[in-house]
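1. Fold the following.
(chains A and B)
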Amino acid sequence: DSGVTQTPKHLITATGQRVTLRCSPRSGDLSVYWYQQSLDQGLQFLIQYYNGEERAKGNILERFSAQQFPDLHSELNLSSLELGDSALYFCASSVDIGDRRRDEQFFGPGTRLTVL
Amino acid sequence: AQSVSQHNHHVILSEAASLELGCNYSYGGTVNLFWYVQYPGQHLQLLLKYFSGDPLVKGIKGFEAEFIKSKFSFNLRKPSVQWSDTAEYFCAVNSRAGGTSYGKLTFGQGTILTVHP
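-> You can find the predicted model right below:
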């Protein structure tokens, strides 16, 4: 158990819909990262939040957005869903204090999204 | 931009065979290197990591990796695999690209390891 929790575990929805994925980081971790794992694209970084603010953006579609709340949990919002959005969405957290030895990312169990 | 390449998509071994999975990265600056394992239906778990110092890094479950800076490589090895090592293995890198954070991980495509009893 990494200490990172994600809900829900599975999500099945239809094209055009909107869903929200939730992530709670490990206690004390300020950074939350979102990654998408799909068969054709592999594991790709989507977005990072640090202490409530967006810090880095990767290959995140405009239909996707995220935020990090004052209690440091994060939500990833996916809208106007398409079949190709079906994937495993991982959240990771880290202390992120600029110490290479300690800035390890711990991954949550993921949310498997199926768009029908 | 950094990138990571894993040479083998699928490796099939018998128990007790030795394992070496290749990983090359492209980035000219200071990097941190990682190997993660993903067992079927589970999340990513860190096997080992390299930040600096001894280029031979030992991780959990008997795995080790060697960082060869001149070759931009970070190959994963295990002298004798077990059936329970069947999983997908990911090489990853992050780097200090400004600021204090080492930030996002860039992953390789993954190598599926199947170990037959």
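
2. use CA for all of it now, contacts and neighbours both
-> Fine.

3. contacting residues around residue A:11?
-> Contacts of residue A:11 were listed using CA atoms under 8 Å, 6 or more residues apart in numbering or on different chains, and they are A:111, A:112, A:113, A:114.

4. The helix or strand of chain A with the lowest mean pLDDT pairs with which strands?
-> One helix or strand of chain A scores below all others by mean pLDDT, DSSP states H and E: strand A:53-57, with a mean of 91. Applying DSSP bridges to the sheet, strand A:53-57 is found paired with strand A:42-50 (antiparallel).

5. Keeping just the C-alphas, turn the strand it pairs with into CSV.
-> This file holds the C-alpha atoms of strand A:42-50, laid out as CSV (Å, rounded to 0.1, in the frame of the first residue of the first chain):
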residue,chain,number,x,y,z
GLY,A,42,1.7,3.8,-22.8
LEU,A,43,2.2,5.7,-19.6
GLN,A,44,1.9,9.5,-20.1
PHE,A,45,2.2,12.4,-17.8
LEU,A,46,-0.9,14.6,-17.8
ILE,A,47,-0.5,17.3,-15.2
GLN,A,48,1.1,18.2,-11.8
TYR,A,49,-0.2,20.2,-9.0
TYR,A,50,1.9,21.5,-6.1
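
6. Under the pLDDT cut-off, which ranges of chain B? List them.
-> Scanning chain B for pLDDT under 70 picks out the ranges B:28, B:96-102.

7. partner residues bridging residue B:66?
-> Residue B:66 has these beta-bridge partners by DSSP bridges: residue B:56, residue B:75.

8. That one against residue B:74, yeah?
-> Yes - using CA atoms under 8 Å, residue B:66 makes contact with residue B:74 at a distance of 5.4 Å.

9. the more surrounded of those two?
-> Using other CA atoms under 10 Å in any protein chain shown as the criterion, residue B:66 and residue B:74 rank with residue B:74 on top: 29 against 16.

10. who's in contact with that one?
-> By CA under 8 Å, 6+ apart, the residues touching residue B:74 are B:22, B:23, B:24, B:33, B:65, B:66, B:67, B:68.

11. which of the residues you listed lies closest to residue A:51?
-> When the contacts of residue B:74 are ranked by distance to residue A:51 (CA to CA), residue B:33 comes first, at 24.8 Å.

12. who's in contact with the closest one?
-> By CA under 8 Å, 6+ apart, the residues touching residue B:33 are B:49, B:50, B:51, B:74, B:91, B:92, B:93, B:94.

13. go on, residue B:48?
-> Contacts for residue B:48 were tallied using CA under 8 Å, 6+ apart; they are B:34, B:35, B:36, B:57, B:58, B:59, B:60, B:63, B:64, B:65.

14. Bridging across strands, which residues link to the residue nearest to residue B:107 when sequence neighbours are not counted?
-> Leaving aside its sequence neighbours, residue B:107 sits nearest to residue B:92 (CA to CA, 6 or more residues apart in numbering or on different chains; 4.3 Å). Counting by DSSP bridges, residue B:92 is bridged to residue B:34, residue B:107.

15. So which bits of chain B are right by chain A?
-> Residues of chain B lying near chain A by CA under 8 Å from any CA of the partner chain: B:32, B:42-46, B:51, B:100-110.
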